[in-house]
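In: dropping a prediction and its sequence here:
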Amino acid sequence: MRNTLSGLALAALFTSLGLAQTPAGQGPDRTFYFTNLTSPAELTAMTTTLRTVVDVQDISVDQAHKALVMHGTVDKMMACEWLVHQLDIPAGSPPAATKDEYRMAGENGEVIKVFRIAPSASNADLTAVVTAIRTIADLQRLFPLSGQNTIIGRGSRDKIDAAEWLIQQVAPPVGATPTGNSAPYPMAPFKPGAPDEVTRILRLGPSATNRALTEVVTAIRTIADVQRLFPFETGQALIMRATADKVAVAEWLVQDLNQQSHAAGVHQTAIPGESDNVVRLFYLNQPGSEVAGLVTQLRDTAEIKRVFPLTNAVPAAVVLRGRPDQMSLVETMVSKFNTQAAGNNPPIE
């Protein structure tokens with residue numbers, strides 16, 4: 001069962017504790033004193049967190065008293081009270097309470113959630129997770145607290161759930177084994193009438209370098225037209241969001257590149273409903289430095305517009321997308337490239 005602390009519950013808590021409240025819209029002045037997050041940097045980070053997530057702009061640091069002084073609506077002050085209680089704990093200690101969500105009042109009913117990241121995660125990992133969530137889940141009210149290895153987010157229920165799923169996939173709790181390729185995760189459309197999309201996490205083999213990972217990202221964007229795509233270097237993971245047919249092309253490419261040996265011949269898949277629906281992957285027997293010339297000729301002679309060299313693959317490869325009638329010429333050109341001695345034969349006609 002999900003534990004959610006609502007504004008109404010906190011209102012009752014405020015009353016029972018004798019904390020002053022003012023009518024909705026006027027808002028109280030509040031001072032929050034800190035026990036653990038007391039350094040100037042920590043108080044500044046908490047200030048930014050509350051401004052970003054709760055949208056409290058009238059806030060200042062009282063360093064002498066290790067406190068934050070702020071003014072805002074009752075609901076916002078309640079949300080700040082809850083967040084301070086959640087976050088003002090010693091680094092590495094268990095959460096201050098079992099409740100890990102706060103639901104804002106109002107029609108939107110947005111949720112504030114504290115995501116606890118594995119203590120082994122580096123600051124770079126934390127930053128990468130935040131960027132992935134913003135890119136894939138479109139959750140913009142998001143702020144990391146590196147000292148706590150914590151990310152605080154606010155958004156609609158579906159976006160918070162998507163963020164939680166992403167974190168479980170790429171930054172699992174201590175003792176949990178990182179997952180392999182994920183199952184498709186259904187995403188709510190950006191707007192009514194938009195096509196259904198899924199999010200998937202695909203992983204390259206353990207020997208893949210960060211340069212190879214970046215190269216595959218560009219290849220997927222070029223060939224499959226997957227634009228919401230983020231490389232997570234820890235675990236060589238690719239996090240992507242697109243329609244199911246586009247994600248299927250990305251999966252095909254990653255699976256082929258992950259093979260321990262790459263047989264000669266045509267490696268092919270298709271994108272339904274497109275005129276340039278044939279996708280092919282050719283492994284080459286010349287160094288990656290020689291592939292640029294082939295790519296230029298494929299664009300100029302075969303009029304292939306979507307073509308990308310994979311110079312960090314072993315062996316080097318080229319992936320392209322075009323019409324069925326273009327493929328005979330492509331095969332001839334790639335065959336000649338593979339049989340010529342690098343730099344010794346005349347260019348392919």
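Out: Structure received. Residues are numbered from 1 along each chain as shown.
In: Arg241 reaches Ile220, doesn't it?
Out: No: here Arg241 does not reach Ile220: they are 11.9 Å apart, not a contact under C-beta atoms under 8 Å. From N, CA and C alone the C-beta is placed, and that goes for glycine too.
In: between the two, who's got more neighbours?
Out: Per other C-beta atoms under 10 Å, whichever of Arg241 and Ile220 has more neighbours is Ile220, with 26 against 22.
In: which residues sit against the strand or helix carrying the more buried one?
Out: Using DSSP states H and E, the element containing Ile220 is helix 210-224. Here helix 210-224 makes contact (C-beta atoms under 8 Å, 6 or more residues apart in numbering) with 204, 226-227, 229-231, 233, 236, 238, 240, 242, 246-247, 249-250, 253-254, 257, 271, 279, 306-308, 310-313, 319-321.
In: cool, and stretch 183-202?
Out: For stretch 183-202, contacts defined as C-beta under 8 Å, 6+ apart pick out 136-138, 158-159, 162, 165-166, 169-170, 179, 181-182, 232, 237-244, 247, 250-251, 254.
In: can you pull the pLDDT of Thr98?
Out: Looking at Thr98, its pLDDT is 52.
In: no, scratch that, I was asking about Val330
Out: Looking at Val330, its pLDDT stands at 95.
In: before we move on, what about the one 3 residues further on?
Out: Per-residue pLDDT puts Met333 at 94.
In: and what about it, helix, strand or coil?
Out: helix (DSSP: H, G, I helix; E, B strand; the rest coil).
In: give me the neighbour count for it.
Out: Met333 has 19 nearby residues by other C-beta under 10 Å.
In: for it, give its distance to Gln326.
Out: Per C-beta to C-beta, to the nearest Å, Met333 is found 10 Å from Gln326.
In: for Glu215, same thing?
Out: Separation of Glu215 from Gln326 (C-beta to C-beta) stands at 24 Å.
In: next one: Pro189
Out: According to C-beta to C-beta, Pro189 stands 34 Å off from Gln326.
In: just Lys113 next, same as before
Out: Taking C-beta to C-beta, one finds Lys113 at 49 Å from Gln326.
In: name the residues contacting each of Arg241 and Ile220.
Out: With C-beta under 8 Å, 6+ apart, Arg241 and Ile220 have common neighbours 226, 229.
In: got the domain ranges for the chain?
Out: Listed by automatic domain parsing, the domain ranges of the chain are 179-186+196-260, 265-349.
In: which of those domains sits closest to Asp88?
Out: In terms of C-beta to C-beta, the element of the domains of the chain nearest to Asp88 is domain 179-186+196-260, at 28.6 Å.
In: in the stretch 101-250 of the chain, where is pLDDT below threshold?
Out: Along the stretch 101-250 of the chain, the parts satisfying pLDDT under 70 run over 107, 173-179.
In: chain center to stretch 134-154, what's the gap?
Out: Centroid separation between stretch 134-154 and its chain, computed with C-alpha atoms, centre = their mean, to the nearest Å, is 11 Å.
In: check which helix or strand the residue nearest the centre of the chain maps to.
Out: Centrality entry for the chain: nearest residue to the mean C-alpha point is Ala132, 1.8 Å, by C-alpha atoms, centre = their mean. Element membership of Ala132 [criterion: DSSP H and E] is helix 123-137.
In: next secondary structure after that helix?
Out: Sequence-wise, the next helix or strand downstream of helix 123-137 (DSSP H and E) is strand 141-145.
In: which parts of the chain are helices?
Out: All helices of the chain, identified by DSSP state H, fall at 7-17, 40-49, 74-87, 123-137, 157-170, 210-224, 244-257, 291-300, 327-339.
In: just name the most buried of these.
Out: Ranked by mean neighbour count, the helices of the chain are led by helix 74-87 with a mean of 22 (mean count of other C-beta atoms under 10 Å).
In: elements contacting that one?
Out: Applying 3 or more C-beta pairs under 8 Å, 6 or more residues apart in numbering; DSSP states H and E, one finds that helix 74-87 contacts helix 7-17, strand 29-33, helix 40-49, strand 67-71, strand 101-103, strand 111-116, strand 150-155.
In: what average pLDDT does it get?
Out: 92.
In: identify the residues contacting the helix holding Ala132?
Out: In contact with helix 123-137 (C-beta under 8 Å, 6+ apart) are residues 117, 121, 139-140, 142-144, 146, 149, 151, 153, 155, 159, 162-163, 166-167, 170-171, 187, 199, 228-230, 232-234, 239-241.
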